[in-house]
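Novice: based on what follows, work out the 3D shape:
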Amino acid sequence: MRTLVFLSSLTLLASAGLSGCSNDNNNNDAGGGDPTPTPTASPTPSPSPTATPSPTPTPSPTPTPTGGTGPTPTPTPTPTATPTPTPTPSSTPTPTPTTTPSPTPTPTPGTGGALACLNSSLHTVGTRVEQVIRSTDGDSGVVLTTTSDSTITQRTSFKSYSNALESVSDVETTATDPTYDSTSTTKGYGDLDGSTYKNYGVITEASASGFTITTTVWNEPPRETRYDLDPGESYSQTYTIKSENSASPFPIPDQTVTTTTKYIGRESVTVPAGTFDTCRFEESDGSGSSTATTTSWMAVGTGIFVKSVSDGDESVLLSAKINGVPVKAE
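Specialist: Take a look at the predicted model:
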């Protein structure tokens, strides 16, 4: 949750301008195809002259004459039926192979530099950004809805930095677990230097459970967000995070951080606010005992935060306005 809350704070700063697939029939009978004819009885030959009349032929294949002493007629042979030839079996057709569907490929980020996601108007005095962001804690499952209203008010000094842009954000967070509900006022400090945004730090006054705590966090040197990147390019930076807290009577130890940020490329992302063409960044923080990776998506053109994922925590944009005009999806 600490990662989620910290990420939420950085997200709000970004929104304020402070981060950036057949067989043949058996027709062949006797004679090679015609039906076998019915045999016709051969006529009985006349016996030698005698007074006895010729016998009447019978249907039997071999007729026997009645009486008489003449020679016995030669029997008519019984015709032998020509055997029906065995048909040649038809060859079994080869089955048509079934094509295995190809799996749906994972979308590949497209080409296009990160400069498309730098909106210089977000770093101009007078600009107002309103955002509603929903965050889900990966460990506890608590869902937080954060509403922020940020305006860049002036140029001023902050710690060792002079002429810094100051943004003032009123933030309200409601959660499925009421113990996470809070309201705060955050002042963010930084500046746009060419195509690089330099984040100097923040002052937060947070109220929760009846208490108000002021926390100041600043970076030495400034934490940078660079937009002069093509897909696949990356940069590394090392800076020290310094902190002060009104509720702590003891100094808070400094933390030195080394990060590597890689621009992956352009990618279409869908969140509750709609589908956006975005710039995808991956940041690896190897300062602790293990490497943590945060993936963030910023909208092309407007430069508004769209989505982030870090250590199981996820934040998505519900709605946004710049100077009162709703930010529209593709």
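Novice: avg pLDDT for the helix or strand where residue 148 lies?
Specialist: Per DSSP states H and E, residue 148 falls inside strand 143-158. The average pLDDT for strand 143-158 rounds to 98.
Novice: and residue 159, how close does it get to residue 250?
Specialist: 20 Å (Cβ to Cβ, to the nearest Å). C-beta here means a position set from N, CA and C on the backbone, and glycine is covered the same way.
Novice: swap in residue 200?
Specialist: Distance from residue 200 to residue 250, by Cβ to Cβ: 24 Å.
Novice: re earlier: going by neighbour count, list what's buried in the strand holding residue 148.
Specialist: 144, 146, 147, 148, 150, 151, 152, 158 (16 or more other Cβ atoms under 10 Å).
Novice: give the bridge partners for the first one, please.
Specialist: The residues listed as beta-bridge partners of residue 144 by DSSP bridges are residue 135, residue 175.
Novice: please enumerate the strands of the stretch 51-200 of the chain.
Specialist: With strands called from DSSP state E, counting those that start in this stretch, the stretch 51-200 of the chain shows them at 128-136, 143-158, 161-175, 182-193, 196-208.
Novice: which one of the ones you listed lies closest to residue 304?
Specialist: Nearest to residue 304, of all the strands of the stretch 51-200 of the chain, is strand 128-136, at 7.4 Å by Cβ to Cβ.
Novice: give me the angle between the closest one and strand 143-158.
Specialist: Going by axes from the mean of the first three to the mean of the last three Cα atoms, to 10 degrees, strand 128-136 is angled at 140 degrees with respect to strand 143-158.
Novice: what angle do strand 128-136 and strand 161-175 make?
Specialist: Counting by the same axes, to 10 degrees, strand 128-136 lies at 50 degrees to strand 161-175.
Novice: got the CA coordinates for strand 128-136 in PDB?
Specialist: What follows is strand 128-136, C-alpha atoms only, in PDB (Å, rounded to 0.1, in the frame of the first residue of the first chain):
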ATOM      1  CA  ARG A 128      -5.900  23.800 -14.100                       C
ATOM      2  CA  VAL A 129      -6.100  20.000 -14.200                       C
ATOM      3  CA  GLU A 130      -8.900  17.900 -12.600                       C
ATOM      4  CA  GLN A 131      -8.600  14.200 -12.300                       C
ATOM      5  CA  VAL A 132     -10.400  11.200 -10.800                       C
ATOM      6  CA  ILE A 133      -8.200   8.100 -10.400                       C
ATOM      7  CA  ARG A 134      -9.100   4.600  -9.000                       C
ATOM      8  CA  SER A 135      -6.300   2.700  -7.300                       C
ATOM      9  CA  THR A 136      -6.400  -1.000  -6.200                       C
END
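Novice: pull out the buried residues from it.
Specialist: 129, 130, 131, 132, 133, 134, 135, 136.
Novice: elements contacting it?
Specialist: Packing contacts for strand 128-136, counted by 3 or more Cβ pairs under 8 Å, 6 or more residues apart in numbering; DSSP states H and E, involve helix 2-15, strand 143-158, strand 313-322.
Novice: residues near residue 224, how many?
Specialist: 19 (other Cβ atoms under 10 Å).
Novice: begin at 14 from here
Specialist: With 14 as the first residue, the last one maps to residue 237.
Novice: so what sits opposite it in the bridge?
Specialist: residue 211.
Novice: same thing with residue 200?
Specialist: residue 181, residue 216.
Novice: so who does it touch?
Specialist: For residue 200, the contact set (Cβ atoms under 8 Å, 6 or more residues apart in numbering) comprises 179, 180, 181, 182, 215, 216, 217.
Novice: and it, what pLDDT?
Specialist: pLDDT, residue 200: 98.
Novice: what about the spatially closest residue to residue 233 that is not a sequence neighbour, helix or strand, and which?
Specialist: The shortest distance from residue 233 to any non-neighbouring residue, by Cβ to Cβ, 6 or more residues apart in numbering, is to residue 253 (5.1 Å). Using DSSP H and E, residue 253 falls within strand 247-258.
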